[in-house]
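Novice: This is the structure alone, sequence omitted:
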């Protein structure tokens, strides 16, 4: 699924250890579907102490200049899409649907994922994926491209 050229960053601090993987991915698409491109950012965080009131965000660089996204969520995927400059871009993240599992907040220019509190030694993985197709193409292809869960991720 992952292609060459990906980058990984790692941080360690008083409260947590974190890794961020960013790279191009080859999505598993239904037969006959194609996207122009697909990238993912995957965060992995392990708590060293209790972590509360924290968040991950994925936002369009430069703010909501692209206009508000259209919600296209479903089937355990939080997603929205924007059409501009000849392309439809879909941004997705996994659904947080378990009790006390956190909240996914839609913003005009992306998402904020607010996970639950983590106790020492607990770990969480959150990903964001973006895919795009020509505006006159099949935007369901970009939806399928960003529809994968942390359990399905293979780096």
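Specialist: Arrived safely. Values in this document were obtained by computation on a predicted structure and should not be read as measured data. Numbers count the residues shown, from 1 in each chain.
Novice: what's the residue nearest to the spatial centre of the chain in contact with, if anything?
Specialist: Centroid-nearest residue in the chain: residue 128, 1.0 Å away (criterion: C-alpha atoms, centre = their mean). The contact partners of residue 128, taken as C-beta atoms under 8 Å, 6 or more residues apart in numbering, are 40, 41, 56, 58, 91, 92, 93, 110, 111. Yep, even glycine has a C-beta here, placed from its N, CA and C like the rest.
Novice: got a list of what the last one touches?
Specialist: Contacts for residue 111 (C-beta under 8 Å, 6+ apart) come out as 57, 58, 59, 78, 80, 91, 93, 104, 105, 128.
Novice: try 7 Å this time
Specialist: Taking C-beta atoms under 7 Å, 6 or more residues apart in numbering, we find residue 111 in contact with 57, 58, 78, 91, 93, 104, 105, 128.
Novice: related to what we said a few turns ago, turn the contacts of residue 128 into TSV, including secondary structure, pLDDT and distance to residue 136.
Specialist: Converted to TSV, the contacts of residue 128 look like this (DSSP: H, G, I helix; E, B strand; the rest coil; pLDDT from 0 to 100; distance: C-beta to C-beta, whole Å):
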residue	secondary structure	pLDDT	distance to residue 136
40	strand	93	25
41	strand	93	28
56	strand	92	33
58	strand	90	26
91	strand	93	20
92	strand	92	21
93	strand	89	26
110	strand	89	25
111	strand	90	26
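Novice: Now list the buried members of those residues.
Specialist: Neighbour-count burial (16 or more other C-beta atoms under 10 Å) applied to those gives 40, 41, 56, 58, 91, 92, 93, 110, 111.
Novice: Touching, the first one and residue 25? I think so.
Specialist: Yes - the pair residue 40 / residue 25 is scored as a contact, 4.9 Å apart, by C-beta atoms under 7 Å.
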